[in-house]
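**Student:** Would you be able to build a 3D model of this:
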Amino acid sequence: MSIMNRLREKLMVEFDPTRLDVVNESELHAGHRNSPGTGESHFRILIVSAAFAGKSRVQRHRLVNDLLRDELRGGIHALALATVAPGEAIPPGFSGQG
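**Tutor:** Have a look, this model is predicted:
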């Protein structure tokens, strides 16, 4: 299973999101220093879930990072996160994906 599919599956199961965008941006970083060149090293994730309601941005990111610990240790070089509760605004840079 690809890293992107593992990310999507874990996030769906754990957070039951109303919206989940997992975008592979690795091609934008090909040849950059420290990029592993695997084609699955840089991701941008937007997740909208009731699980984030009442939690700070730091708490939300910790929940996601803890869930994806193995993937982060095993090849993901960069992960941009937008963790949003229903009814909150989608941050700029994440709204046009899906």
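
**Student:** switch to C-alpha atoms for all contacts and neighbour counts from now on
**Tutor:** OK.

**Student:** Just the endpoints, please. Distance across stretch 63-83?
**Tutor:** 10 Å (C-alpha to C-alpha, to the nearest Å).

**Student:** Can you list the buried residues in it?
**Tutor:** Neighbour counts over stretch 63-83 (16 or more other C-alpha atoms under 10 Å) mark 63, 64, 68, 71, 75, 76, 77, 78, 79, 81, 82, 83 as buried.

**Student:** Excluding sequence neighbours, find me the nearest residue to the fourth one.
**Tutor:** Once flanking residues are discounted, residue 71 sits nearest to residue 3: 7.3 Å by C-alpha to C-alpha, 6 or more residues apart in numbering.

**Student:** State the distance from the one you found to residue 49.
**Tutor:** 21 Å.

**Student:** of those two, who's got more company?
**Tutor:** residue 49 (21 against 17; other C-alpha atoms under 10 Å).

**Student:** would you list every one of the strands in the chain?
**Tutor:** 19-24, 42-48, 78-84 (DSSP state E).

**Student:** For those, give me CSV that also has distance to residue 10.
**Tutor:** Formatted as CSV, those follow (distance: least, C-alpha to C-alpha, whole Å):
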stretch, distance to residue 10
strand 19-24, 11
strand 42-48, 12
strand 78-84, 15
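
**Student:** right, so of these, which gets closest to residue 59?
**Tutor:** Checking the strands of the chain against residue 59 by C-alpha to C-alpha gives strand 78-84 as the closest, at 9.8 Å.
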